[in-house]
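Undergrad: Got a predicted structure here, sequence first:
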Amino acid sequence: MISKNFSIILGSASVVFFGYLYYIKKCYNYLKSLGYDGPRPKFLIGNLLEFIIEPKTAQNKSFSHYSKTLQRWTRIYGKIYGFYEGHSPVLVLADPDLVADVFLNQSKLVTFRRSFPMSKKSSDPNADIFVTNGIRWLRLRYGLEKIMLNTKNNAKCLEYADNSFINTFIAQNDLNKTQSNLDISAQTKFFMIQTIFTVIFGTELNNFIQKKPHIHTVFKRQDLEDPRLAEANNLYFTRTVCHKFDKAFEDFETFSILKFMALISPELAFVWRLCEKFKFYFNSYFFHVPYFADPMSWFYSNFIEKHLIIYTQENGDVLKLRANSESNDSHLGFRAGPNRAHMRLQSQSQNLNNFINRKQFCYLNSFLSLTYIPILKSNQSENGRRVLNSVKDFSESRRSARLPSLSKIDEIKKNNESAKFLKKDENRARHPSIDRLGRLQSRSRLKSSNLILNDLESEDFENWKLTVNEALSNTLLMFFAGYETTSTAITFCCKAISTMPEQREKLLDEIKQNWAKLKFNLEKFKIKPVKIKNNSNQFETSSSIDLQDSEDDDVFEDEKKTPSSNSLDEWNELYESLENMNYLDMFVKEVLRLYPIANSMVSRKCAVDNLIINNGNYRIPKDMNIVVDVLSIHYDSVWWGPVDPKIFYPERFLTERHPAVWLPFGIGSRKCLGIKLAMSQIKLFVVGLLQNYIIDTSKDFNDNDKLDFSESIETKDVIYTAYLSCFSITKSQNLEI
Ligand code: HEM
């Protein structure tokens, strides 16, 4: 009997197993059936292996990577083709007209980012804008755009960046005077972490943490290679946070068996996700336990929690929506009862209150201002109890706050949207895809998430709020999205400056011409932030790190000392003058054209049935992943000529180009939200550097290295990175007034 049951189970399992294999085999006909050419897939893995190892036709087997593989395929298969990740088809666009058609003209329908089986789901309460799709994405985008693409806010961010530049680069370099070479990559990372931190929290990283050792439980001295130097350089915490994020990026790129399994069998993603949950119980080597087991929790408990409690307390606000039920969101750090961290913060909050009372701009406060938290005034004298209540109520509010906005969207969608969308499209040439959409709608089979509601009136948008989870997770995203990308871009710019004297002179000329408006950096620099003690190895900084709890408990004391007295108008002026420096703008754009940093992120998922593009020549079925071969477009002489696109030639931007040929920040409605911030940070760094230093290739490299800008840039799978990042830095006399 047992053996009979066993045979039945075994038989059924074999049927399912072989059925699945048969299904996988059939999948490999899909792209062909749609008329798309492409590389021949291997059973089970598709074309994944080619992303890792170049085919044997190459002289030596060398490591390949994502963008270069696409470039190679484009040369063989043309402007549009497909490949398989496991057995999932992916369509590649390598032509600006096609990209414009999908990302600009049809962007209403293709605003879904392609997802990977193991990445966070769009419906996850902690999902950020990068992974969300459909209406939820639109709501987030609408809110975040108001803050992140606002010129005044960006001018303010510039002030933060300028302070960070002084704190990291100039202070650091003065300390290392004896050192002939400087690792710009490390410096720019410090710069970025400091800037992003300040932009998010409105206070400098060191000011926030240095006098509060109990706050930073994760910051251990042993994390640092040389704690003494780090401490002396006043970058103790900055280094540590950089180290954490570097590790997180390493994890992102490291091969993991679970990620691989999910790619080759996405239908079983739930199994791999489950395994991921339990992987801590297994040997981490096999499953690759990430350094940040849960980045959100880490970030939350070390930064946001403190900031938020103080934020709520300072406003005298109790966040009250539903008083009774218990929170189950303790993973974010909120617990119903008091804990010691809360008590400590409570007693120290007065200092932070002073800071928040300044109503200083920062992302976290701005994002929170978009949430659905009703603010009730409460009795100021019951300070302690209020904080604890606010923590409790806050977690309640996070859950309940989500509901009104989502139901509102549903309501809007049901009443107006589908009809409106289709009506607007009546004037457009009717593609079969749109007709089909209409038929689907009339059969009430249109799923809410399939349409993007770009056509809503602006009044409707005003009611769209963020949930508190969304405000927080997007704050964390800013670190991930802006840290490595911008610092790498700055390193590439430094490389271009150090290897191309002609272009460097042109930049210097432009800086001289705009000198009056760009005076901020140098003036600040004159107030030396650092001095070196004569009789010891110890360095002394204007805000040296005191790991003991200080008597003077005002964490913003140092901030008051920083010479940042420019008014917002002046920062706006600086922002504008940076914007108006045409050569600088072209220079940075050219660097990003030659070395687009995050091109694998420019991807979409088709959200409608049968999207017709290129005047009906191509059909993209629903759920098809679409990626762009950015490198091929960036190096195409048809679009970038007549000067050879391989040559570094910023002036090529003087000619008007196709709207879809420069893609380092993506394109269309999902274009990078940090574009303005990133561009002004890069420009500020370049100007600051040239104002103060002569930058040359490192003395450790010979003349051949010196000329080789492109060869010194290593490209990784996911994003680009620089591996020769040491430069020789000497104090410049050029621009002294
Ligand atoms: C040189 C620096 C940067 C580069 C090269 C870069 C590149 C990109 C790219 C290629 C995308 C995908 C766009 C698309 O799908 O069309 C993207 C998205 C995004 N980036 Fe950036 N980025 C940079 C800096 C930043 C910074 C500093 C921030 C914020 C502080 C940021 C925030 C975002 C966000 C939020 C998205 C998602 C937008 C959405 O899905 O709606 N980025 N970025």
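TA: Structure received.
Undergrad: what mean pLDDT would you report for stretch 368-383?
TA: If you average the pLDDT over stretch 368-383, you get 47.
Undergrad: Equivalent analysis for stretch 476-490, please.
TA: On average, the pLDDT along stretch 476-490 is 86.
Undergrad: For residue 14, see how far away the nearest residue to residue 658 once chain neighbours are set aside is.
TA: Distances taken as Cβ to Cβ, 6 or more residues apart in numbering place residue 96 nearest to residue 658, at 4.6 Å, with adjacent residues excluded. Where you see a C-beta, it was placed from the backbone N, CA and C, and this is true even at glycine. Distance of residue 96 to residue 14, given as Cβ to Cβ, to the nearest Å: 50 Å.
Undergrad: If you count surrounding residues, which of the two has more?
TA: Neighbour comparison, residue 96 and residue 14: the larger count goes to residue 96, with 23 against 10 (by other Cβ atoms under 10 Å).
Undergrad: Check the spacing between that one and the ligand real quick.
TA: As for residue 96, its distance to the ligand is 14 Å (criterion: Cβ to the nearest ligand atom, to the nearest Å).
Undergrad: Check what pLDDT that residue gets.
TA: 94.
Undergrad: quick thing: my sequence starts at 14, can you match it?
TA: Got it, the first residue is 14 from now on, which makes the last one we talked about residue 109.
Undergrad: In contact with the closest residue to residue 605 other than its chain neighbours, which residues?
TA: Counting by Cβ to Cβ, 6+ apart, residue 677 is the residue found nearest to residue 605 once chain neighbours are left out, at 3.9 Å. By Cβ atoms under 8 Å, 6 or more residues apart in numbering, residue 677 lies in contact with 605, 606, 609, 610, 611, 612, 643.
Undergrad: Likewise for residue 100?
TA: Contacts for residue 100 were tallied using Cβ under 8 Å, 6+ apart; they are 37, 40, 41, 54, 57, 59, 277.
Undergrad: one more time with 10 Å, if that's ok
TA: Contacts for residue 100 (Cβ atoms under 10 Å, 6 or more residues apart in numbering) come out as 36-41, 43, 54, 56-59, 276-280.
Undergrad: Output the below-cut-off pLDDT ranges for the stretch 264-413 of the chain.
TA: 264-268, 290-373, 384-413 (pLDDT under 70).
Undergrad: near the ligand too, which of the contacts of residue 677?
TA: 610, 611 (Cβ under 6 Å from any ligand atom).
Undergrad: export the contacts of residue 677 to TSV and tack on distance to residue 503?
TA: As requested, the contacts of residue 677 are exported to TSV (distance: Cβ to Cβ, whole Å):
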residue	distance to residue 503
605	11
606	16
609	15
610	11
611	14
612	18
643	20
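Undergrad: For the stretch 64-213 of the chain, just list every one of the strands.
TA: 93-98, 101-106, 194-196 (DSSP state E, counting those that start in this stretch).
Undergrad: Let me see the mean pLDDT of the last one.
TA: For strand 194-196, the mean per-residue pLDDT is 67.
Undergrad: swap in the second one?
TA: Per-residue pLDDT values over strand 101-106 give a mean of 94.
Undergrad: Could you do stretch 658-671 as well?
TA: 91.
Undergrad: One more: stretch 18-36?
TA: 83.
Undergrad: Likewise for stretch 51-65?
TA: Stretch 51-65 comes out at a mean pLDDT of 86.
Undergrad: Over to stretch 513-522?
TA: Stretch 513-522 shows an average pLDDT of 87 in the prediction.
Undergrad: hang on, the earlier thing: return the subset of the contacts of residue 677 lying in helices.
TA: Among these, the ones falling in helices (DSSP state H) are 605, 606, 643.
Undergrad: May I ask which of the contacts of residue 677 has the most neighbours?
TA: Of these, with other Cβ under 10 Å as the count, residue 643 tops at 27 neighbours.
Undergrad: correct me, but that residue touches residue 108?
TA: No. Taking contacts as Cβ atoms under 10 Å, residue 643 lies outside contact range of residue 108: 11.9 Å.
Undergrad: Quickly list what's touching both of those two.
TA: Common neighbours of residue 643 and residue 108 (Cβ under 10 Å, 6+ apart) are residue 674.
Undergrad: Quick check: buried residues in the longest helix seen in the chain?
TA: Across the chain, the longest stretch assigned as helix under DSSP H is helix 481-512. Using 16 or more other Cβ atoms under 10 Å as the test for burial, helix 481-512 gives 481-512.
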